[in-house]
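Undergrad: no FASTA, just this:
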């Protein structure tokens, strides 16, 4: 299918733009580095035991851990009763350079990751191993942009955010760190650039 448009919003990680824009003079910015992550989904036959009267939150951080903790994937379910649940666990690899960490990510087997995950989650939930019915491990080599020193206020990040003719870029990468609010902000900026180019009135304080 071919689509012809006056303007295009390209909202994908910056590292992929060079592949999508191969026929266009698009600069490559080496300053954009991406952290590799391991993400796992743990299917549980029941919820972990609540301790000291504190229920599971949506986002849970483990004290003295190399992981970023986990979220309860069923937290927003509208069902009045849930017998089972799913925990999504996040582990960024930050021990060395992004390239070295990606290689490490490729070499770690499922069984080793399973041990790391279960041992970590056993700190707040000693019974976790008895609740797991399935453990799926996903390896993300370029999970999110990593703001190295000098990157946030550097030339490359600011240059990458500029439109290329009628192509407008929108991704949290352009802000230098991956959070939803920055992704939304970049999307709004791209939309407003198009409205401005088409001389369509709008009201905003972002431009």
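TA: It's in. Every value quoted in this text rests on a predicted model; they were computed, and no experiment measured them. Residues are numbered from 1 along each chain as shown.

Undergrad: residue ranges in this structure under the pLDDT threshold?
TA: Residues of the chain that meet the criterion pLDDT under 70 lie in 204-207.

Undergrad: cutoff 80 now
TA: Per-residue confidence of the chain (counting by pLDDT under 80) places the weak regions at 23-29, 51-55, 76, 78-81, 203-207.

Undergrad: contacts for the helix ranked longest in the chain?
TA: Longest helix in the chain, counting residues (DSSP state H): helix 180-197. Surrounding helix 180-197, the residues in contact under the criterion CB atoms under 8 Å, 6 or more residues apart in numbering are 7, 9, 11, 161, 163, 166, 168-172, 174-175, 201-202, 204, 206-207. C-beta coordinates here come from the backbone N, C-alpha and C atoms, glycine included.

Undergrad: could you do stretch 14-27 as well?
TA: Against stretch 14-27 from outside (CB under 8 Å, 6+ apart): 10, 12, 28-29, 32, 34, 142, 145, 159-160, 164, 167, 169, 171, 173-174.

Undergrad: does anything pack onto the strand ranked longest in the chain? Which helices or strands?
TA: Secondary structure of the chain per DSSP state E: the longest strand is strand 132-146. Strand 132-146 makes packing contacts with strand 33-44, helix 98-107, helix 110-121 when contacts are defined by 3 or more CB pairs under 8 Å, 6 or more residues apart in numbering; DSSP states H and E.

Undergrad: and the first one, how far out from the chain middle?
TA: Meaning strand 33-44. Counting by CA atoms, centre = their mean, to the nearest Å, strand 33-44 is centred 9 Å from the centre of its parent chain.

Undergrad: and it, what does it pack against?
TA: Counting contacts by 3+ CB pairs under 8 Å, 6+ apart, strand 33-44 packs against strand 85-92, helix 98-107, helix 110-121, helix 128-131, strand 132-146.

Undergrad: narrow the contacts of helix 180-197 to those that are buried.
TA: Burial by neighbour count, 16 or more other CB atoms under 10 Å: within the contacts of helix 180-197 this picks out 7, 9, 11, 161, 163, 168, 169, 170, 171, 172, 174, 175.

Undergrad: that older thread, which parts of the longest helix of the chain are buried?
TA: Neighbour-count burial for helix 180-197, with 16+ other CB under 10 Å as criterion, is recorded at 182, 183, 185, 186, 187, 189, 190, 191, 192, 193, 194.

Undergrad: swap in stretch 132-150?
TA: Burial within stretch 132-150, assessed by neighbour count using 16+ other CB under 10 Å, is assigned to 132, 135, 137, 139, 140, 141, 142, 143, 144, 145, 146, 147.

Undergrad: leaving aside the residues next to it on the chain, what's closest to the fourth one?
TA: By that I understand residue 139. residue 105 (5.2 Å; CB to CB, 6 or more residues apart in numbering).

Undergrad: before we move on, what about the last one?
TA: The spatially closest residue to residue 147, leaving aside those adjacent along the chain, is residue 176, at 4.6 Å (CB to CB, 6+ apart).

Undergrad: that neighbour touches residue 158, doesn't it?
TA: No - shown here, residue 176 and residue 158 do not form a contact pair, counting by CB atoms under 8 Å, at 9.9 Å.
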